[in-house]
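Visitor: need a structure here:
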Amino acid sequence: MKFNKFATILGTVAATATVIGMTAPQANAGTLTGGWNYAIDSFNDGTTGNTIGQNSAFEFYGIAIKEEADKIYVALNTNLALGGKAYSNAGNGLVGYGDLLFNFTGNNVTNANGSFFGIRFDDKNDASVGSTGVYSGVTAKSVASSNVGYSTLSSYASAVSGLGGSASMADLSQSDAYFNDQTLNVIQSGTKVGDIEYINDFSQLNLDFGQFGATGSQTLGFSFDKALLPNGDYLAQLLAECANDGMAISGKFTGNSGGSEDVPEPITGLIAAAGLGGAVLRKTKKSKKNA
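Guide: The predicted structure follows:
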């Protein structure tokens, strides 16, 4: 499935890559290595009050997704603990993770809303569904305002800039037309299709955020049955409930039995379809062999 908005997305990525690289070189790393597809965020765009960057509880460093024959693995490197941060002014007294939203439709978030696949992994967040797990036919909503956060990505970016930071959404710019300036971050409705399993030990999974300098205090993740999601190109997004930071990742589920490290990223095919040049092509995700 080709993303209709990808010409805009790719142009924005190409235009912002140098700017992001100037302040956080690691943010240029879009790499397939060890079977993981990594998207690395700016290290200086998570805010907690007037605090930004590594000292912020809401700094997100990176997200990685791994496809195997029968499972999908998701890993996060951030400063936010599962279960959230206590904050008395938040609706439930906690500000935590939103839900991971997968978009396979090829449309922007406005037109895709109602067709997302959503993964609720933080059981204390403000999603309107009752349990953690994988959901289909998802309509998403924003709970940023009730969590003392940013109702738009432009207001988030403005605050980050005012604190001397450089906002991004990992594989995309926060200003990309794909987001339509929305902070959709939790499941409002959907049909549960399966459960998730938390990962407590990544030592056998070749996960290495450190190769990109990602040093968040928390590395956490989960897995689920691969059959619960379709094959094909996707964009996935994850925002904190307050939208004080967030990440997007592009990728493709192939249905192959492992070995996804060497599968070309869908973004390359989309570049060709859009007729864009080699300068943008060099921004695509790179395959990096293990030593």
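Visitor: in the protein, what secondary structure element scores lowest on mean pLDDT?
Guide: helix 278-281 (a mean of 30; mean pLDDT, DSSP states H and E).
Visitor: show me where pLDDT drops low in the stretch 151-291 of the chain?
Guide: 256-291 (pLDDT under 70).
Visitor: Strands of that one, start to end?
Guide: Secondary structure of the stretch 151-291 of the chain (DSSP state E, counting those that start in this stretch): strands located at 186-194, 197-199, 218-225, 232-239, 246-253, 286-288.
Visitor: Make JSON lines out of those strands and add distance to Y73 and mean neighbour count.
Guide: Every residue, glycine included, has its C-beta placed from N, CA and C. As requested, the strands of the stretch 151-291 of the chain are exported to JSON lines (distance: least, C-beta to C-beta, whole Å; neighbours: other C-beta atoms under 10 Å):
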{"stretch": "strand 186-194", "distance to Y73": "15", "mean neighbour count": "18"}
{"stretch": "strand 197-199", "distance to Y73": "7", "mean neighbour count": "13"}
{"stretch": "strand 218-225", "distance to Y73": "5", "mean neighbour count": "19"}
{"stretch": "strand 232-239", "distance to Y73": "13", "mean neighbour count": "25"}
{"stretch": "strand 246-253", "distance to Y73": "12", "mean neighbour count": "25"}
{"stretch": "strand 286-288", "distance to Y73": "18", "mean neighbour count": "13"}
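Visitor: can you put the ones you listed in JSON lines and add distance to F121?
Guide: Below are the strands of the stretch 151-291 of the chain laid out as JSON lines (distance: least, C-beta to C-beta, whole Å):
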{"stretch": "strand 186-194", "distance to F121": "11"}
{"stretch": "strand 197-199", "distance to F121": "8"}
{"stretch": "strand 218-225", "distance to F121": "5"}
{"stretch": "strand 232-239", "distance to F121": "9"}
{"stretch": "strand 246-253", "distance to F121": "14"}
{"stretch": "strand 286-288", "distance to F121": "27"}
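Visitor: right, and those strands - which one's nearest D41?
Guide: strand 246-253 (4.9 Å; C-beta to C-beta).
Visitor: Return the distance of G194 relative to N37.
Guide: Remark: distance between G194 and N37 (C-beta to C-beta, to the nearest Å) = 21 Å.
Visitor: ok, now S189?
Guide: From S189 over to N37 (counting by C-beta to C-beta), the distance is 28 Å.
Visitor: With A140 instead?
Guide: 22 Å.
Visitor: Likewise for G83?
Guide: Taken as C-beta to C-beta, the span from G83 to N37 is 26 Å.
Visitor: how about the strands of the stretch 151-291 of the chain, which one is nearest Q54?
Guide: Among the strands of the stretch 151-291 of the chain, if distance is taken as C-beta to C-beta, the winner is strand 218-225, at 12.6 Å.
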